[in-house]
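>>> Quick check, what structure comes out for this input:
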Amino acid sequence: MDILLVQPRLGFERTYPLGLGALSAALASRGHRAIGHHDALQPEARLLERAGSGRFAWIGISGLTANLARALELARQVRGCTDAPIVLGGPHVSIRPGDALDEPAVAAVVCGEGEAAALALCEALEAGRALDSVPGLVTRPAAGSIEPVRLEDLDAWPEPARGMFGDADLDRPGLGRDRRAAPLITSRGCVFGCAYCPTPALSGGTVRRRSPGRVAAEADRLRTDLGVDRLLIEDDQFLADREHALAVCEALARRNRPAAISCVNGLRPERLDRELCTALRAAGCDHVALGLESASPDTLASMGREPDLGRVRAGVEAARSAGLRVTGCFMLGLAGEGPADWLRSLRFAGELGLEIAHLNVYSPLPGASWTGEVAGPEIGAAQQAALRILRGAWYLGYHGRPDRALRILRSTGAGLSAAPEALSRLVSWVLLRTDQSPR
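Prediction:
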């Protein structure tokens, strides 16, 4: 059975959708074949041509809150080319399936992790059974949501497939033209209950781990078979289980031909210490991205984060002392914060000496414990304009300094040849990222 899996574009970002790769691998393990279409890499006309070919038994579309509108737009266009069922998945619709099922083009929604549901859907279609017989699928009428499906034994499932979109899968803007990067996960879920994050609702507050040996073996294959130069660890929270993180680092440190490693998904800075940072560096990690969020202790405490800025500074210093490049993310527009708080966060970013400091305007996400009480879509026009001006000025002033820009290019190995692309991304950050959610 052939299945078409679609990744909608998200702003100017171009990343490999590891979730669709996991679906593709699971389907292949049962003799099915998944074809990938990446909206940011391939023309829309190609998607419609494929959808109209009649070869696909069903079509899956993945998405986040930030690109749900695009996912639904693609579903409408695809529906005009085929009668095959269109199924949506991803964090947003796992929590609020009705947001997708209100669109007539969508036949069903996968709630939670989709590998088992994808296989069961194929079995149902082969047997002529209705979609509402498939565990993990929600069809009309959708009465609220169901408990998201979670895979308990990650080692029982195959590694995510690579190569769904050709060589472009491993291109990574900002690394230079001859550099290749690939995402990697060592676990799913998170034990922390950050008020702005939907992961606790999706994961049930639990962490499911891959064995360190399997993680290292996949890293070796990515390096040897695909020529990957950099691994991007994208766990929901790599530091949720300290002992597992240390065991993974130890396994990665024993590799024969190590690739460089970046931890890119908002590590909690207060969890970093000398032992952990030394282990990360020994494993080949040279970059950590931290979820800093705010410099207001009151705001941090209200969102379930570490309010002691001294511990945050200590974590940054531990990383830097171990030879790790440190970048960080802040959120503006949080509940109870105003211009003085925004400026405090910006000053804190400068004090920390972050190589790159990302700023996002927070928007409430389905499943997060913070909902309507948080400024986001409700931010007034004047505040929104002020945030745009402040954010643009910060990016240009902080990242546009020649000495800092050159240091970033050198540290990533991109070199001066990548300067035009880096400048283009800086402009994109200034113009496009103001309203993006953190996930």
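>>> number of nearby residues for Cys122?
19 (other Cβ atoms under 10 Å). (Glycine included, C-beta is placed from N, CA and C.)
>>> Equivalent analysis for the one 5 residues further on, please.
The tally of other residues near Ala127 (other Cβ under 10 Å) stands at 8.
>>> Give me the local confidence score for it.
pLDDT recorded at Ala127 is 97.
>>> Equivalent analysis for Ala240, please.
Predicted confidence (pLDDT) for Ala240: 94.
>>> what about it, helix or strand, and which?
Ala240 belongs to no helix or strand when assigned by DSSP states H and E.
>>> Would you confirm that it contacts Ser187?
Yes - using Cβ atoms under 8 Å, Ala240 is in contact with Ser187, at 7.0 Å.
>>> So which residues of the stretch 301-439 of the chain form helices?
If DSSP state H, counting those that start in this stretch is used as the criterion, the helices of the stretch 301-439 of the chain fall at 309-321, 339-352, 381-399, 402-412, 419-432.
>>> And those helices, which one averages the lowest pLDDT?
helix 419-432 (a mean of 58).
>>> returning to what we had before: what is in contact with Ala240 and Ser187 at once?
Residues touching both Ala240 and Ser187 (Cβ atoms under 8 Å, 6 or more residues apart in numbering): Val207.
>>> Give me the neighbour count for Asp83.
7.
>>> Any regions of the stretch 1-150 of the chain where pLDDT drops low?
12-13, 142-145 (pLDDT under 70).
>>> pLDDT below threshold where in the stretch 151-300 of the chain?
167-178.
>>> Which stretches in it count as strands?
181-184, 187-189, 207-209, 230-233, 260-267, 285-293 (DSSP state E, counting those that start in this stretch).
>>> Strand partners (parallel or antiparallel) of the fifth one?
With DSSP bridges as the criterion, the sheet partners recorded for strand 260-267 are strand 230-233 (parallel), strand 285-293 (parallel).
>>> and Leu48, which of those strands is closest to it?
strand 230-233 (31.0 Å; Cβ to Cβ).
>>> what's next to the closest one, contact-wise?
172, 175, 179-186, 219, 222, 259-265, 284-285.
>>> ok now do Ile86, which residues does it touch?
Here Ile86 is in contact with Trp58, Ile59, Gly60, Ile61, Ala75, Val78, Arg79, Ala105, Val106, Ala107 (Cβ under 8 Å, 6+ apart).
>>> From the residues you listed, which land in strands?
Among the contacts of Ile86, the residues falling in strands (DSSP state E) are Trp58, Ile59, Gly60, Ile61.
>>> Export those to CSV and append columns for neighbour count and distance to Ala34.
What follows is the ones in strands among the contacts of Ile86, written out as CSV (neighbours: other Cβ atoms under 10 Å; distance: Cβ to Cβ, whole Å):
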residue, neighbour count, distance to Ala34
Trp58, 22, 10
Ile59, 26, 11
Gly60, 28, 8
Ile61, 28, 13
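>>> Distance to Val6 added to the helices of the stretch 301-439 of the chain, as TSV?
Shown next, in TSV, are the helices of the stretch 301-439 of the chain (distance: least, Cβ to Cβ, whole Å):
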stretch	distance to Val6
helix 309-321	37
helix 339-352	36
helix 381-399	31
helix 402-412	30
helix 419-432	22
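>>> Please identify the deepest-packed of these.
helix 309-321 (a mean of 18; mean count of other Cβ atoms under 10 Å).
>>> Report the distance from that one to the chain centre.
24 Å (Cα atoms, centre = their mean, to the nearest Å).
>>> Please name every helix or strand in contact with that helix.
Contacts defined by 3 or more Cβ pairs under 8 Å, 6 or more residues apart in numbering; DSSP states H and E place helix 309-321 against helix 274-282, strand 285-293, strand 325-332, helix 339-352.
>>> now do 10 Å
strand 260-267, helix 274-282, strand 285-293, helix 297-302, strand 325-332, helix 339-352 (3 or more Cβ pairs under 10 Å, 6 or more residues apart in numbering; DSSP states H and E).
>>> which of the ones you listed sits most buried?
The stretch of these with the highest mean neighbour count (mean count of other Cβ under 10 Å) is strand 285-293, at a mean of 24.
>>> quick one: it to helix 274-282, angle?
On the basis of axes from the mean of the first three to the mean of the last three Cα atoms, to 10 degrees, strand 285-293 is oriented at 130 degrees to helix 274-282.
>>> got the angle between strand 285-293 and helix 309-321?
160 degrees.
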